[in-house]
Every structure is written in C-alpha cells, then in structure tokens.
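> got a predicted structure plus its sequence, pasted below:
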Amino acid sequence: MQRGLMVLAEEHAVEIPALKPTGSRREEILGQHIKIIAREMREVMQHKREIGDMLRKHAQCLDLGWLMQYENCMFGEPAFLNQVQPIDLTGLKVAAVDGGLARQSLMSADFLFIRAIGVIFSFCGTDPPLVKYYPHENNNYVFSTFQTPLSGHKLDVRSSIERARLEVRLATEIVERYSPLEMMILDGSICMEPVDVLFSSNDEVMPHYRSLLEAYAKLYQVCQDHNVLLVGCVKDSRSARLCQLLAEVLPMLIKRNTKLRELTLINYKQYLQIFRDVDLFNQILYPNERTTVFRSSPTARENRFSSTLLTVKDFLSESFPIDFYAYYLKPVQYDAPMRVEFFARANKNEIAKKADLIARMLLPMSSGHEGFAAPVPQIEADMRARLDPTEMDLFINELMREIGLDLSLGFLKKRRDRRPF
C-alpha cells in the first residue's frame, strides 16, 4: 500500500428493517380504534349512570347536617339536594359584566386587546326588561403592549389577570353608580385562586396579581355596603371539588345509614375520581333543583398552595370576615347544571338563606331556553363584549405606521401566520 493513499473498504449491502410507525393508518382508527374507545367509554358511562342513579335514589339519606358541627366542615347546609322555587323578578334590577379578549404575538412584542361591558336589566313583569349598557358598548377598550419576554404560560396568566381586573373594576363602578341593585353577575368565578407556585417570586406577574386581588376585595366590600348579591355564574365548569368532597364523606355516611350500603356494591370511589361536578350532577339533578352549598375556597388545613402565596382574604379587613361558597343549579331539562358562586359570612343561617335567594332569582332568568341555561343579563353582556380578532390588526397596523417602516421588521408575525405558500 502506498503511503498517502486512502483505501476504501469494500461496501456490503445492509438490510435495514422497516421502521415501525408510531401511529395508525386512518382506516384502522376509523374501523377499529374508535369502536374500542366507544366500547370502553360506554362501560365507564354506564358505571357513572349507576352511581348517579344510586345517589339520586338515596338523596334523602345523605344527611350532611351532623358534619356541620365541625369547624372545618366544607358544607353549608344539611340537605344534599334542594328544591328551588322561582320568584317574581318584577321591579328588580340585575347587572352583569363580561369581557372580551384578543391577543397577538409578534417577533418583538405581545399585544393584548380587551373590552369589558356591563348591562343593567330592570325587570318589568310581563313586559320586556329595560336594558342599559355601561359604559357605552363602543367604549371601555384597553390596548396593552408587553415588550418584556414572557413565556407562553406567563403570558396566558398575565392576559387573564388584565381581563379580570378590567371586569372587576367595571363591576365595582356599576354597583356604586347604579345602586340600588339586587344582584351583580360576573361571568366565571368571583374568587380567583392564587396563581401557580411558579409565579410566587416572579416580578413580572405578582404585582399585577396583587392589584387584581385588591380590586376583588374592594368589589366585595362595595357589594356588602350596598346590599348587592355578588354572584359568579360558571357556564362550563371543569371543577371536581364537590365530587372530591363527596368521596371523602361517603364512607362515614354509609356507616351511619345502612340504606347507603348499596353504594358499596360498585366501586364508587374509583368512579367519583373521574367525575367532574357537572358530569355527576347532570345525572342527579332535576330541573328547578340545586346541590348542597359547599365551601369553594381552601381551608387553612389544606396545603393546596404555598404559604407565601397571597389570597384575596389577605386583602380583606378583619372587620369583613367572609368565605366563598358554591353550588350547582339546574334550571332546564336539556342543559347541564351551572356552577354558582357567592360570598357570605361563616354563619350557617346566612349561608343557606343567601344560597336559596340567589337560586330563586337565577332560576327564572336562566330558564328561557330549554337547551341553554344561563342568566339573561349574563348572555347579553357576553354578546356585547365579544371581540373580533381582526380588530387587533387595525391597532397594530396604526402602531407600525406611527413607529415607522424602518423599524417594522420587529413586527413580523409568526412564520406560521405569514407563509408565502
């Protein structure tokens, strides 16, 4: 072999096995997999139905009253299910607030476009209600720019905080301006829980979160001062809180009442873990019924959040000791129950009385359509507050014009939104 010459090894054919696909062909999914999934889901749903039927059958035996003697009892009244009698709304004024949000992320900044609208319904018996909008439906916009680099999750949290803060401040202003009001309805929860521990020391998020909690605390105080019922209506709740509480107390209830032993014939604990509250009580509740009231905020013994995280209670004065409660109300036959939230002092009589009054008012407002359960003022606020995402382009294009075309490269959209092909 001559020095400096490279000799190539003789090449041999190599058998490379075919790669196993990570998924399945579309035909296999349509022909086989969907049938398997459907069969498994039918079995689970059948077990869920059995549990729902048993709980409905033995509802009178689910006496929660004996638990209320304990300090950290999570229930606000003894009855598991309650009948609701609607009241005449004639002469009552009910307000609702909702917000719309649009967001656009460009190369150099993130943009947030929010609007909040309030409506005030004055009910007039058999005549259509009188409706006022506050402010004018073409007002109350906020256009914000985030030039600090935020992760997608942090941006989601920040956007939610900004929207909620605008809605809460608007609700406070309406209560102060238009009282006497009987009720103020917020779309969603009235008690924002502490953000994830990830943000406990994040200077980009926490100041805004503190500001939101302060706004909530002021709204509670203003509603209390003006004797206005503050209600949160969650149309599509994903919570499983009441199912979890039920799973915790059922073993004790079964020991106290032999009629409940029928539940032990099926693995109720396992299936209660995969129920959402709405899923379970959609099977149990009849129209014009609601569940028991339960505490929706964590107790001192629950370690759901870091001790360093603030809750809205930290911003309430000692002279204003309240807690937050919820229940599920089913106004119509062909829609799922809606989650209803409110605050009250930790007094058994006040909790049950307030829960019943709210349900009796919401029921006639939410039963106008047999297939859709939501208070009419909330529906109107939602329709007025919706934003067309294309409106964001109007603001961004005007901002680019003011900045100048020489710097417009920083306003490039994401590649997936500007492909030339």
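Structure received.

> which stretches of the chain have low pLDDT?
By pLDDT under 70, the low-scoring segments of the chain are 1-14, 16, 18-20, 137, 149-150, 194-203, 298-309, 405-421.

> that one: helices as residue ranges?
26-28, 34-57, 152-178, 206-225, 241-256, 268-272, 277-284, 348-365, 376-385, 391-403 (DSSP state H).

> let me have those helices in JSON lines, adding mean neighbour count as columns.
(C-beta placed from N, C-alpha, C; glycine too.) Putting those into JSON lines (neighbours: other CB atoms under 10 Å) gives the following:
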{"stretch": "helix 26-28", "mean neighbour count": "9"}
{"stretch": "helix 34-57", "mean neighbour count": "13"}
{"stretch": "helix 152-178", "mean neighbour count": "19"}
{"stretch": "helix 206-225", "mean neighbour count": "18"}
{"stretch": "helix 241-256", "mean neighbour count": "16"}
{"stretch": "helix 268-272", "mean neighbour count": "17"}
{"stretch": "helix 277-284", "mean neighbour count": "21"}
{"stretch": "helix 348-365", "mean neighbour count": "20"}
{"stretch": "helix 376-385", "mean neighbour count": "21"}
{"stretch": "helix 391-403", "mean neighbour count": "13"}
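
> just put the ones you listed in CSV and tack on distance to Lys313.
Listed next are the helices of the chain as CSV, based on distance: least, CB to CB, whole Å:
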stretch, distance to Lys313
helix 26-28, 53
helix 34-57, 32
helix 152-178, 16
helix 206-225, 8
helix 241-256, 18
helix 268-272, 29
helix 277-284, 23
helix 348-365, 17
helix 376-385, 26
helix 391-403, 36
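
> tell me which of those lies nearest to Thr145.
Between Thr145 and these, the shortest gap by CB to CB is with helix 391-403, which sits at 8.2 Å.

> and that closest one, how far out from the chain's middle?
Using CA atoms, centre = their mean, to the nearest Å, the mean C-alpha position of helix 391-403 is found 32 Å from that of the whole chain.

> give me the domain ranges for this structure.
As given by automatic domain parsing, the domain ranges for the chain are 33-62+240-275, 63-239+276-297+318-385.

> the residue nearest to Ile114 when sequence neighbours are not counted - how many residues pack around it?
The spatial neighbour of Ile114 that comes closest, neighbours along the chain excluded (CB to CB, 6 or more residues apart in numbering), is Val142 at 4.5 Å. As a burial measure, Val142 scores 15 neighbours (other CB atoms under 10 Å).

> quick one, what contacts Val142?
By CB atoms under 8 Å, 6 or more residues apart in numbering, the contact list for Val142 reads 112-115, 162, 166.

> roughly how far does it sit from Leu387?
With the distance defined as CB to CB, to the nearest Å, Val142 ends up 11 Å from Leu387.

> okay, now the sheet partners of the longest strand along the chain, with direction.
Once the chain is assigned using DSSP state E, the strand that runs over the most residues is strand 110-124. Its sheet considered, strand 110-124 pairs with strand 93-105 (antiparallel), strand 127-134 (antiparallel), strand 141-146 (antiparallel) by DSSP bridges.

> report the distance from it to the chain centre.
Computed by CA atoms, centre = their mean, the chain-centroid distance of strand 110-124 equals 18 Å.

> how far off helix 376-385 does that strand point, in degrees?
140 degrees (axes from the mean of the first three to the mean of the last three CA atoms, to 10 degrees).

> surely Met68 meets Pro78?
Yes. Using CB atoms under 8 Å, Met68 makes contact with Pro78 at a distance of 6.7 Å.

> now Arg345. Nearest residue, chain neighbours left out?
Ile322 (5.8 Å).

> now that neighbour: how far from Thr292?
Remark: distance between Ile322 and Thr292 (CB to CB) = 19 Å.

> which one of these two is surrounded by more residues?
Thr292 (22 against 19).

> for that one, give me its contacts.
Applying CB under 8 Å, 6+ apart to Thr292 gives the contacts 64, 75-82, 327.

> list the contacts of the spatially closest residue to Ala355 that is not a sequence neighbour.
Nearest non-adjacent residue to Ala355, counting by CB to CB, 6+ apart: Val293, 4.6 Å away. Going by CB under 8 Å, 6+ apart, Val293 touches 75-77, 325-327, 351-352, 355.

> and the residue nearest to Arg384 when sequence neighbours are not counted, how many neighbours?
Excluding the flanking residues, the one nearest Arg384 by CB to CB, 6+ apart is Ile117, at 4.4 Å. By other CB under 10 Å, the residues close to Ile117 number 26.

> do you know how far Met183 is from Val249?
Relative to Val249, and taking CB to CB, Met183 is found at 31 Å.

> for Ser297, that is, sorry about that
Ser297 sits 18 Å away from Val249, going by CB to CB.

> next, give phi and psi for Cys73.
Here is the backbone geometry of Cys73 (degrees, to the nearest 10): phi -60, psi 130.

> that one - nearest residue in space that isn't next to it in sequence?
Spatial nearest neighbour of Cys73, excluding adjacent residues (CB to CB, 6+ apart): Leu67 at 4.9 Å.

> what do you get for Phe315?
Counting by CB to CB, 6+ apart, the residue nearest Phe315 is Ala217, at 3.9 Å.

> related to what we said a few turns ago, need the contacts of Val293 in JSON lines (columns: distance to Gln60).
Listed next are these as JSON lines, based on distance: CB to CB, whole Å:
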{"residue": "Phe75", "distance to Gln60": "16"}
{"residue": "Gly76", "distance to Gln60": "19"}
{"residue": "Glu77", "distance to Gln60": "14"}
{"residue": "Tyr325", "distance to Gln60": "23"}
{"residue": "Ala326", "distance to Gln60": "22"}
{"residue": "Tyr327", "distance to Gln60": "18"}
{"residue": "Ile351", "distance to Gln60": "21"}
{"residue": "Ala352", "distance to Gln60": "17"}
{"residue": "Ala355", "distance to Gln60": "19"}
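
> hmm, back to that, how near is the residue nearest to Phe315 to Ile114?
Note on Ala217: its distance to Ile114, by CB to CB, is 21 Å.

> ok, back up a step: what touches both of Val142 and Leu387?
Shared contacts of Val142 and Leu387 (CB under 8 Å, 6+ apart): 113-115.

> all set, thanks.
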